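Chemist: structure of the sequence below:
(2 chains)
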Amino acid sequence: MDSSLAPQLSYHDDPVVPLRLLEPDGTLAAKAVSPMEDEQVFRALRLMMLSRAFDAKGISLQRQGRFGTFSTVHGQEASVVGSAFALDPSRDWIVPQYRELPALLHQGLPLEQFILYFNGHPAGGRIPDGVRLLPIQISLAAQLPHAVGLAWGLQLQEIDGVVLTYFGDGASSEGDFHEACNLAGVVKAPVVFFLQNNGWAISTPRSRQSAARTFAERAPGYGFNGIVVDGNDLLAVYAVTAAAVERARAGLGPTLIESQTYRLGAHNTADDPTRYVSQEILQAWSDRDPILRVQRYLASRGGWNDDTASEVHDDISRTIDRALAAARAVPPPTAKDLFEHTYAELTQRQARQLREYDL
Amino acid sequence: MLEAIRDALGSEMAADDRVMLMGQDIGKFGGIFRATDGLLAKFGDKRVIDMPLAEGAIIGSALGLAISGLRPVAEIQFLGFTQQAFHQIVQQVARMRHRSRGRFVASMVIRAPFGGGVRTPELHCDAIEAQFAQAQGLKVIAPSNPYDAKGMLLSAIRDPDPVLFCEPLHGYRFIKGEVPSSDYTVDIGKANVVREGSDVTLIAWSAAVNLALRAAEVLSMEGVSAHVVDIRSLLPLDVDSIVAAAEKTGRCVIIHEASLTGGFGAEVAATISSDAFYSLRAPIERVTAPDAPYPLAAAEQMFIPGVERVLTAARRTLETQ
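Modeler: Numbering: from 1, shown residues only, chains lettered A, B, ... in the order given. Now for the predicted structure:
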């Protein structure tokens, strides 16, 4: 039989090289041009460092019983900040999961709101008016259809705006991922699916989530494009996301971005990654630290030295302390908070149950 | 019944250009029951939208559409299929207002027909409304007649909170009733006395109300005056009206199509026994489907409650002195 007529069923799993603009040593890759001005890179770096510092502070407070269980961004700062910087908070939306603190801050969420939320205070769920951000999502991938609906709704009403939604390699195994991508392709929603492949879903490795060589290559099955980017490279993440946002804004539909990064910390403060992560892998990724990479880059351009580092550190410490103080100043929740905002008005039964708290 | 629903959808779309319909086969086909017949031609494909076959995407994207400022009315072909979107309805839609402390509200309606007796294939007609009655933040309503269907649907679309609007499959076409062509609403969260009586109280919702009314007719020929209450809204529940109806006769029969254990009748019975205990003159009766999965069509008449079982239960409560 002619071999061209034989069914071709083998899967091509040649490695895919992620897009990279900035090398781990802080030099630009061959032929690369930075998509960001130095001033913008500096602001992004400050936010990345704020995130790292908050992670450390949060873990320390959690260990003292003064902060709730939360998930650090540690290791993924370029991925989160680079993507968030590609949005315009005055018209674009973020639909988050729960590991994207600096993106929420960039969008306009006050840090004390985040602290309140992870301290378990109901008021922490409130996103201030005008901040284009949906609440943190705990039910993995459930936010993806919301992002598509929101983006599609903006499009139907001819409101200028793009929606970027975050999720991870683990969440991509959920049915909501498939349903959301499929719908987004059908209606050409102005949405960017930003998949942070950080290697782990708690203790389940990336290899147990999918046999596909990349997550990005699922996108063509939904009628749009997917791209793999070095998630520890601020400049590349920014460039890729900005291009996806531009496409969405131009009415060309969704993009799936797979940002290949690594969770250097634990899943959350209740996790113990020493049970399943090898020290060698951790060391290899620590050598590709996204913050060091940007500091080296800026230093080579004269925009970073010991003095600026110490100024930024002091500034960040003050910012965090102020936010912690503001969160501490919020009175503890009352019984009213249990019932309020369930509906526009209390039901007959709720009103009675609330009165029982006062007896 | 269907005409009343179509009338409500069409008139509200004409009155409020934020209102949009989304679901499977609702466009050219007009919906599998024709509830949206003619609306695509009238309002166009940006407001009457055929969706991919994915209940989770329909409900999840409706939530996003609502946040964007639109008022989606999503049709799920059968209430049984809402299970495919259960987490979106219960965790996401119902709780969005509460989680965001009022910043974001899922102002949307989910329409879904339910109930047996119409020989559907498996998994179509299960009466699973009680599963949603624990979803605080959601309103769960189930009209029994065309007048209420139109008035409650208009209320649901205008309601700032999300509403699960359960339509009675049994009687979708044959339940007739006067429906004003004018704009009117029926309050959500209010029960309705559909027949005044003094000897025994029959409590039901959706298609079971018509069963209760048929039983009341038979009882009246036996000289028994039945008081029939349509609770209309499971969540929020009109506790005062139900308690008043129970106190009126002291003898109560609750009828629903779901199985006994964990059915919403248990909630109604518990409410009556705590709030109207000293007025009760007989144990509260529940007429329900048996505790078994919904059977295939040839066996369903044994499964769903019929008039005879309602009569037996009513007579038993009347025997207690």
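
Chemist: report all helices and strands that the helix or strand that B:Arg214 is a member of contacts.
Modeler: B:Arg214 belongs to helix B:207-221 when elements are defined using DSSP states H and E. Helix B:207-221 is packed against strand B:192-195, strand B:200-204, strand B:226-230, strand B:252-259, helix B:307-319, with contacts defined by 3 or more CB pairs under 8 Å, 6 or more residues apart in numbering or on different chains; DSSP states H and E. The C-beta positions use only the backbone N, C-alpha and C, and glycine is treated the same way.

Chemist: do that again at 6 Å, thanks
Modeler: strand B:226-230, strand B:252-259, helix B:307-319 (3 or more CB pairs under 6 Å, 6 or more residues apart in numbering or on different chains; DSSP states H and E).

Chemist: just send those back as TSV, with mean neighbour count, distance to A:Thr261 and mean pLDDT too.
Modeler: Formatted as TSV, the helices and strands packed on helix B:207-221 follow (neighbours: other CB atoms under 10 Å in any protein chain shown; distance: least, CB to CB, whole Å; pLDDT from 0 to 100):
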stretch	mean neighbour count	distance to A:Thr261	mean pLDDT
strand B:226-230	25	57	98
strand B:252-259	27	48	97
helix B:307-319	17	62	97
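
Chemist: which non-adjacent residue is nearest B:Arg281?
Modeler: Nearest-residue entry for B:Arg281: B:Gly250, 3.6 Å, with adjacent residues in sequence omitted and distances by CB to CB, 6 or more residues apart in numbering or on different chains.

Chemist: over to B:Ser220?
Modeler: Nearest one to B:Ser220, counting by CB to CB, 6+ apart, is B:Ala226 at 7.0 Å.

Chemist: mind putting the helices and strands packed on helix B:207-221 in a markdown table, distance to B:Pro160 included?
Modeler: A markdown table is the format used below for those (distance: least, CB to CB, whole Å):
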| stretch | distance to B:Pro160 |
| --- | --- |
| strand B:226-230 | 24 |
| strand B:252-259 | 28 |
| helix B:307-319 | 37 |
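
Chemist: show me where chain B has its helices.
Modeler: Using DSSP state H, the helices of chain B run over B:2-15, B:39-43, B:55-68, B:86-87, B:96-99, B:129-132, B:146-158, B:207-221, B:239-249, B:264-275, B:300-303, B:307-319.

Chemist: tell me which of the ones you listed is the most buried.
Modeler: Comparing the helices of chain B by mean neighbour count (mean count of other CB atoms under 10 Å in any protein chain shown), helix B:55-68 comes out on top with a mean of 28.

Chemist: just the residues contacting that helix, thanks.
Modeler: A:145-146, A:148-150, A:153-154, A:176, A:179, A:183, B:51, B:72, B:74, B:76, B:81, B:84-85, B:88-89, B:92-93, B:104, B:106-108 (CB atoms under 6 Å, 6 or more residues apart in numbering or on different chains).

Chemist: for chain B, what's its nearest residue on the stretch 151-300 of chain A.
Modeler: A:Gly153 (2.6 Å; CB to the nearest CB).

Chemist: I'd say that residue and B:Leu70 touch.
Modeler: Yes - counting by CB atoms under 6 Å, B:Leu70 is a contact partner of A:Gly153 at 5.2 Å.

Chemist: mind listing the shared neighbours of the two?
Modeler: Common neighbours of A:Gly153 and B:Leu70 (CB under 6 Å, 6+ apart) do not exist.

Chemist: care to break the chain down by domain?
Modeler: This is for chain A. As given by automatic domain parsing, the domain ranges for chain A are A:15-328, A:335-359.

Chemist: switch to chain B, that's the one I care about
Modeler: With automatic domain parsing as the reference, chain B has domains B:2-168, B:192-319.

Chemist: possible to save those domains as CSV with distance to A:Gln279?
Modeler: Formatted as CSV, the domains of chain B follow (distance: least, CB to CB, whole Å):
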stretch, distance to A:Gln279
domain B:2-168, 38
domain B:192-319, 51
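
Chemist: residues of the stretch 101-250 of chain A that sit close to chain B?
Modeler: Proximity of the stretch 101-250 of chain A to chain B, by CB under 6 Å from any CB of the partner chain, involves residues A:125-127, A:135, A:139, A:142, A:145-146, A:148-150, A:153-154, A:156, A:176, A:179, A:182-183, A:186.

Chemist: ok, of those, which come out buried?
Modeler: A:125-127, A:135, A:142, A:145-146, A:148-150, A:153-154, A:156, A:176, A:179, A:182-183, A:186 (16 or more other CB atoms under 10 Å in any protein chain shown).

Chemist: against B:Arg232, how distant is the residue positioned nearest the centre of chain B?
Modeler: Nearest residue to the geometric centre of chain B (CA atoms, centre = their mean): B:Ala142, 1.6 Å. Separation of B:Ala142 from B:Arg232 (CB to CB, to the nearest Å): 7 Å.

Chemist: equivalent analysis for A:Val228, please.
Modeler: For A:Val228, the distance to B:Arg232 equals 54 Å [CB to CB].

Chemist: out of these two, which sits in the busier spot?
Modeler: Remark: of A:Val228 and B:Arg232, B:Arg232 carries more neighbours, 25 against 22, as counted by other CB atoms under 10 Å in any protein chain shown.

Chemist: please list all residues in contact with that one.
Modeler: Contacts for B:Arg232 were tallied using CB under 6 Å, 6+ apart; they are B:Ala191, B:Asn192.

Chemist: which parts of chain A are strands?
Modeler: Using DSSP state E, the strands found in chain A span residues A:93-95, A:163-168, A:191-197, A:200-201, A:204-205, A:225-230, A:255-260.

Chemist: hmm, back to that, neighbours of the residue nearest to B:Arg281, how many?
Modeler: Neighbours around B:Gly250, by other CB under 10 Å: 17.

Chemist: give me phi/psi at it?
Modeler: Backbone torsions of B:Gly250, given as degrees, to the nearest 10, read phi 70, psi 0.

Chemist: hmm, B:Ser279 and it touching each other?
Modeler: Yes - taking contacts as CB under 6 Å, B:Gly250 lies within contact range of B:Ser279: 5.1 Å.
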